[in-house]
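K.L.:
Based on what follows, work out the 3D shape:
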Amino acid sequence: MLLEKNESSIRHIYQSIFKASLAFVAGDVEQVWRNIAEGLQIDGSNYELHMMLGDYYAGYNLQQAYLCYENALFYCNVEEDRVQIQAVIVVDNASKDKSVAWLKQQKDMKLLCNEENCGFPIGCNQGIRMAEKESDILLLNNDTIMTPNALFWLHMGLYENDQVGSTGSVSNYVANGQAVIENGKTEGEYFAFARKNNVPMENSYVNKASLVGFALLLKRCVLEKTGYLDERFSPGNFEDNDICLRIMLSGYRNVLCKNSFIIHWGSLPKCYDEREKIIKKTASLPWILGDINILLDLQRKGILNPECYENIKMYWEQLSDISLEVLKNIAYGKYSK
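P.N.:
Residues are numbered from 1 along each chain as shown. I've put the predicted structure just below:
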């Protein structure tokens, strides 16, 4: 019975490849997209479909096309050629279990062991500094499980255009409107969901004021402009809100990729349900949210402009003591202190 099912799946995959090939010849790009998506829902690791997806993107976004071809290579060739991530960096914040001994045996990652728990923002910044200077940065919590093609679609979203500064995933256990399936299912059920979800999807990108940092992909060139995570948030919480707002105020977008599902086992911090504490903690810090002088400086530098104002106005009053009217006047060059 299992053999018959596999043979049926293979038959459907190659039907999708054949249909997509015909659609390419006919110039029907929408049908090409649909056929590739159908095939990847059956088998997200089929390298021929990823090659065709690259051909699809090659007509208008070479960066995304390259990512597709890279994924095809990952699924096609021998193990030595499947290195899709240039470097995995693990920062161990003084864990008490036996994980460090296991990590030291791994040959395909860089390891930094802290003698004490420095907290999430500091640990992330240590890892960022260890990474190659041209590499984009994926911040990934230790209570997550990557699913097939989740990172690929995060990367595709990051290079959808030059204005994207960060991308985040959907999950089972996460705030901020990023949960797409109820918590409490088995790992197998989540992987089954991911196989159907992590495929080409229409309207897969959603602009967000911030993204939850359990799985956050940052464009390196943008990160170098905004600065790294603010270590004043240590041991952790709100550093993801902070970096995303700095990304947005630097003229870039934070994008939720609905076709990137990552399993997240962790519990949500209590503070996520206490908006007043979020507002108080962020607005009291001496940076953009509570300091008019910094907003004026951003306006002089051309970062806080009318376009930026239109992008952030719907979120501003939830995050700052400074009135929306004052923000608008600064952005439009009408504010005089």
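K.L.:
Just the residues contacting the host helix or strand of Gly127, thanks.
P.N.:
Using DSSP states H and E, Gly127 sits in helix 120-130. With contact meaning Cβ atoms under 8 Å, 6 or more residues apart in numbering, helix 120-130 is reached by 89-91, 93, 110, 112, 114, 118, 137, 139, 213, 223, 228-231, 233-236, 239. From N, CA and C alone the C-beta is placed, and that goes for glycine too.
K.L.:
Please apply the same query to stretch 179-198.
P.N.:
With Cβ under 8 Å, 6+ apart, stretch 179-198 has contacts from 41, 44, 145, 147-150, 152-153, 170-173, 258-261, 263.
K.L.:
Among those, name the ones in strands.
P.N.:
Secondary structure from DSSP state E places Ile145, Val170, Lys258, Asn259, Ser260, Phe261, Ile263 of the contacts of stretch 179-198 in strands.
K.L.:
Kindly indicate which of the residues you listed lies nearest Tyr309.
P.N.:
Lys258 (26.7 Å; Cβ to Cβ).
K.L.:
which one is the closest one nearest to, not counting chain neighbours?
P.N.:
Distances taken as Cβ to Cβ, 6 or more residues apart in numbering put Ser204 closest to Lys258, at 4.8 Å, once the chain neighbours are dropped.
K.L.:
residues contacting that neighbour?
P.N.:
Neighbouring residues of Ser204 by Cβ under 8 Å, 6+ apart: Trp153, Gly157, Cys257, Lys258, Asn259.
K.L.:
go on, Leu138?
P.N.:
Listed by Cβ under 8 Å, 6+ apart, the contact set of Leu138 reads Leu151, Leu154, Ala215, Leu216, Leu217, Leu218.
K.L.:
Now, these that are in helices?
P.N.:
Using DSSP state H, the members of these that fall within helices are Leu151, Leu154.
K.L.:
With neighbour count, distance to Leu53 and pLDDT added, can I get the contacts of Leu138 in JSON lines?
P.N.:
Below are these laid out as JSON lines (neighbours: other Cβ atoms under 10 Å; distance: Cβ to Cβ, whole Å; pLDDT from 0 to 100):
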{"residue": "Leu151", "neighbour count": "21", "distance to Leu53": "15", "pLDDT": "91"}
{"residue": "Leu154", "neighbour count": "24", "distance to Leu53": "15", "pLDDT": "95"}
{"residue": "Ala215", "neighbour count": "28", "distance to Leu53": "22", "pLDDT": "92"}
{"residue": "Leu216", "neighbour count": "24", "distance to Leu53": "24", "pLDDT": "94"}
{"residue": "Leu217", "neighbour count": "24", "distance to Leu53": "19", "pLDDT": "95"}
{"residue": "Leu218", "neighbour count": "26", "distance to Leu53": "24", "pLDDT": "95"}
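K.L.:
which of the contacts of Leu138 lies closest to Asp28?
P.N.:
The closest of those to Asp28 turns out to be Leu154 (Cβ to Cβ; 28.3 Å).
K.L.:
what's the spacing between that closest one and Gly188?
P.N.:
According to Cβ to Cβ, to the nearest Å, Leu154 and Gly188 sit 23 Å apart.
K.L.:
can you give me the helices for the chain?
P.N.:
Listed in chain order, the helices of the chain (DSSP H) span 2-26, 29-42, 47-58, 62-76, 99-105, 120-130, 150-158, 187-197, 220-226, 239-249, 275-283, 292-300, 306-316, 324-331.
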